Structures are given as structure tokens and as C-alpha cells.
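Asker: need coordinates for the following:
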Amino acid sequence: MHLSSLLLGAIAATAVTAHPGHDIRAEHAERQAILDLVGRSDYGRCADKLKARGVEARAVARREELAKKIMRKRNLEARSIYARGTHHSNATFTLQTPASEIFASTDFCFLSPEVTEGPYYVAGEYIREDITEDQAGVDLALDLQVYDVETCEPVPNVYLEIWHCNSTGVYSGVSANGNGNGDASNLNATFLRGLQQTDADGIAQFETLFPGHYTGRATHIHVMVHVDPTVFPNNTIRSTTASHVGQIYFDQDLITEVEAEPVYNTNTQKLTLNSDDMLHQQSLQVGDPIVNYVYLGSTVSEGLLGWIGFGINTTLSRDVSAAATFYESGGVANSNGGFPGGHHGGPPSGFPTGVRPTGVRPTNASSSAAATAAPACNAKKN
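Answerer: Numbering: from 1, shown residues only. Have a look, this model is predicted:
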């Protein structure tokens, strides 16, 4: 399939900047300074190296297997995989189409440790592949790859963390009026948040939902890389530092299609287009932070498979600031972290030991369609 060429060097926008009290202009200026520092280095040289080492071939096989796994799990028929659009394809492929034509291309964006993690980052989340819990929306399977921009080698055994809002624009794990759900019970919610350890090829996979939107920001998913966190017996981690943070985006046409689906179409917040999001536009200066994708059925409602890579500098790291930390007794807000004005400090002493969520999806998607409490975001391109 004809996907966009391998591009590296994009600084992925990382702060949830549209919530009350956060100045998106300051974020834009901060990120521009980083872009000027990083420059337009040509990380595309890594493409040939990854292909020669067999990394691309293994990625193709892995994505093909993930697509089949999700289709079986969702009881989808062995039908065509549809790919149309700028970041998937202008063609339709059958299951007989060679996987190398569908899943070979990977876009990369550069993740910088200097940018902020946003006001709704929560520390102490679960290591798990399926982060949907009881949320409703369009299924999105993600295949994410981390590689070293200095050596062009995959980065194994690091923890890749993602979090995003739900179909109506709410984040789990925080209690704030600007989040659309100021109820304190939302501190205990964990949906649409999780981590996975990268394998020998620097790969981590997730089952989530396409993110929704909230006023002032284009549809996006947050990502963060932890090099050496503390892992606890209940499969949670604690890390006060992150090597890299960023955001990934989706094609505008895909976002528009998803927004017409049930639950998403109940969101009354104004939708910000990619072209109107200054952080998204800024990230395009040096690369492509937009997820490649294919439909897993004949319509978007049957789910999507997306993939993208992250280039990182493994020698860099910094402290991170969490809006809340998840403990055995539930979530606890951090007065000095996450939100505008808070300094970059780590979570409180102690560690999260809460019971691991079951990750079981509701049998009737409409039962959780309200999505009024916890957050779950769906990502989009452009």
C-alpha cells in the first residue's frame, strides 16, 4: 500500500494545553525552542538500516498477526482489510494481499525529554495491553516502536506509556472541572491508561479506543518512555523520570469519520481541526507524528489497526510531574504536580498497589456510551 515515507525528527506535542489555566502559547514557544535546538536532522537514514537488519520484516509479520488477533477477538469475518486515505492508502486490500504491501511503512517522530507531559498525567498505572476497560468507542489496536536516533537500533526493555481521553473528551485518574468530570471518584478511574515493555525490536502493542476530543486541541494520544522504572508485584510501575514524552495524531478524514459514530457524536465540545492546532502544526516542521492505519472491517465501526515509531535519545531524561498518583487505596491528587503552576516534582512517597483492573469490555457498547466519568481518548491523523 502507498503510505507516507519514513520520516523522523518530529517533535510530538505533549501537553494537554486546552484545559483552563494552561497557556497553549507558552507551550508553543517552548516547543519551538526545542525544534530549533534539534533542527531538521535527517533520521531517515535509519530506514535502510532497520530494513537490512530484518526489523521491518518482523514488524510486518507482527502487525499482520495483531490484525488477525483483533479480528478474531471482535468476531469479525475474514474479510478485506480496507485502507484508504493519506496515512493508510488509496487502495483496498484483501486478506490475500501480501502483508508486506500493507504493513511495511512506518512513520517516526522524535520524542524530546524537554517538553511537558501535560496537566493530566497520572503516575502508578498498570502494565497491560488492553486499556479499554468499560469504555465505549471505536476499537484501536496500536503497534508502537521505539528506536535510538543515534544508533538506529531498536530500544528493547523500556516501558512505553500511553494515555488519552475517552470518546467524550474526559481523562481518567484526575478530578478537575476542566476535565469535564470534577467528581472526586474519577481519581480512582484507570481507563485508557497503561504501559507495555518493549520487546527485542523495540515494540509495544496496545488495545485501546480511538480518542475523543475536547475544546482547543486536535485529537491526540500522549506517549512517554520510561527507561528504568520500579515494577511492583501487582503489575504497576513507579517512575519519577521519563526519557521522552510526546503526542501522536490522526488523519483529519479519519477523525471526521469516527466523530460521526455513536458516543463520539454526543460530545458537545467544539472539535479543533489538526490545521487549527498550533502544536500539531509545529510538529510537522520536522517529521510526521500521524499514525498509519488500516480498517479491520468494511467500516470504521469495526475497528482500526494503527502503527508509528518513536525516535529517542536514550542518554536524556528528566523529572516528570504527575497530576495524581494511583495507590492501593485509589488515586491521590498531587497538589504540586501536573497542572499549570506546579513544579516538576515526582509523585508522593510510597507506591501504587491497587487491584489490577480486569480489562473486560461491556457486552453492550451502549451500556458505557455515556463515558461521563473516566477519560478515554481516541487518536486521529492530520
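Asker: contacts and neighbour counts: CA atoms only from here.
Answerer: OK.
Asker: shaky segments in the stretch 251-382 of the chain?
Answerer: Under the criterion pLDDT under 70, the flagged ranges of the stretch 251-382 of the chain are 285-287, 336-382.
Asker: all strands for it, in order.
Answerer: Along the stretch 251-382 of the chain, counting by DSSP state E, counting those that start in this stretch, strands occupy 292-295, 304-312, 318-319, 324-327, 330-333.
Asker: could you dump these into JSON lines with distance to I131 and mean neighbour count added?
Answerer: As requested, the strands of the stretch 251-382 of the chain are exported to JSON lines (distance: least, Cα to Cα, whole Å; neighbours: other Cα atoms under 10 Å):
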{"stretch": "strand 292-295", "distance to I131": "19", "mean neighbour count": "26"}
{"stretch": "strand 304-312", "distance to I131": "15", "mean neighbour count": "25"}
{"stretch": "strand 318-319", "distance to I131": "25", "mean neighbour count": "15"}
{"stretch": "strand 324-327", "distance to I131": "15", "mean neighbour count": "26"}
{"stretch": "strand 330-333", "distance to I131": "17", "mean neighbour count": "21"}
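Asker: any chance of those strands in JSON lines with distance to N166 as columns?
Answerer: Conversion of the strands of the stretch 251-382 of the chain to JSON lines gives the following (distance: least, Cα to Cα, whole Å):
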{"stretch": "strand 292-295", "distance to N166": "19"}
{"stretch": "strand 304-312", "distance to N166": "16"}
{"stretch": "strand 318-319", "distance to N166": "27"}
{"stretch": "strand 324-327", "distance to N166": "18"}
{"stretch": "strand 330-333", "distance to N166": "18"}
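Asker: what's the closest of those strands to I127?
Answerer: Nearest to I127, of all the strands of the stretch 251-382 of the chain, is strand 324-327, at 12.9 Å by Cα to Cα.
Asker: strand partners (parallel or antiparallel) of the closest one?
Answerer: Neighbouring strands of strand 324-327 in its sheet, by DSSP bridges, are strand 122-123 (parallel), strand 330-333 (antiparallel).
Asker: mind checking the strands of the stretch 251-382 of the chain for the one nearest to C165?
Answerer: strand 324-327 (15.6 Å).
Asker: mind putting the strands paired with strand 324-327 into JSON lines with distance to R63?
Answerer: Below are these laid out as JSON lines (distance: least, Cα to Cα, whole Å):
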{"stretch": "strand 122-123", "distance to R63": "29"}
{"stretch": "strand 330-333", "distance to R63": "34"}
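Asker: so for F232, which of those sits nearest?
Answerer: Comparing these against F232 with Cα to Cα, the closest turns out to be strand 122-123 (13.1 Å).
Asker: and that closest one, average pLDDT?
Answerer: In this model, strand 122-123 has a mean pLDDT of 90.
Asker: next helix or strand past it?
Answerer: strand 139-148 (DSSP states H and E).
Asker: by contact count, what packs against the helix or strand just after that next one?
Answerer: Using DSSP H and E, the helix or strand that follows strand 139-148 in sequence is strand 159-163. On a contact count with 3 or more Cα pairs under 8 Å, 6 or more residues apart in numbering; DSSP states H and E, strand 159-163 meets strand 193-197, strand 220-226.
Asker: give me the helices and strands touching whichever helix in the chain runs longest, please.
Answerer: Assignment by DSSP state H gives helix 55-73 as the longest helix of the chain. Packing partners of helix 55-73 (3+ Cα pairs under 8 Å, 6+ apart): helix 99-103, strand 139-148.
Asker: of the ones you listed, which shows the lowest average pLDDT?
Answerer: Taking the mean pLDDT of these, helix 99-103 comes last: a mean of 49.
Asker: which of the helices and strands packed on strand 159-163 has the lowest mean pLDDT?
Answerer: Lowest mean pLDDT within the helices and strands packed on strand 159-163: strand 220-226, a mean of 93.
Asker: for that strand, which strands pair with it and how are they oriented?
Answerer: strand 159-163 (antiparallel), strand 244-249 (antiparallel).
Asker: average model confidence for the longest one?
Answerer: Model confidence over strand 244-249 averages 86 on the pLDDT scale.
Asker: got the CA coordinates for that strand in PDB?
Answerer: Extracted in PDB, the C-alpha atoms of strand 244-249 (Å, rounded to 0.1, in the frame of the first residue of the first chain):
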ATOM      1  CA  HIS A 244      10.900  11.000  26.300                       C
ATOM      2  CA  VAL A 245       7.300  12.400  26.100                       C
ATOM      3  CA  GLY A 246       5.200  13.300  23.200                       C
ATOM      4  CA  GLN A 247       1.800  13.100  21.300                       C
ATOM      5  CA  ILE A 248       0.600  11.200  18.200                       C
ATOM      6  CA  TYR A 249      -2.100  12.400  15.900                       C
END
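Asker: show me the shaky parts of the stretch 1-150 of the chain.
Answerer: In the stretch 1-150 of the chain (pLDDT under 70), the answer is 1-57, 59-60, 76-116.
Asker: what about I308, distance to A184?
Answerer: I308 sits 35 Å away from A184, going by Cα to Cα, to the nearest Å.
Asker: now S301
Answerer: For S301, the distance to A184 (Cα to Cα) stands at 32 Å.
Asker: same question, P154
Answerer: Distance from P154 to A184, by Cα to Cα: 41 Å.
Asker: who's more crowded, these two?
Answerer: Legend: neighbour count by other Cα atoms under 10 Å for P154 and A184, higher for P154 (23 against 16).
Asker: the more buried one against D201, yeah?
Answerer: Yes: with contact defined as Cα atoms under 8 Å, P154 and D201 form a contacting pair (5.2 Å).
Asker: spit out the residues that contact those two alike.
Answerer: Q145 (Cα atoms under 8 Å, 6 or more residues apart in numbering).
Asker: mind listing what A204 touches?
Answerer: Contacts here follow Cα under 8 Å, 6+ apart; on that basis A204 touches D143, L144, Q145, L160, Q196, Q197, T198.
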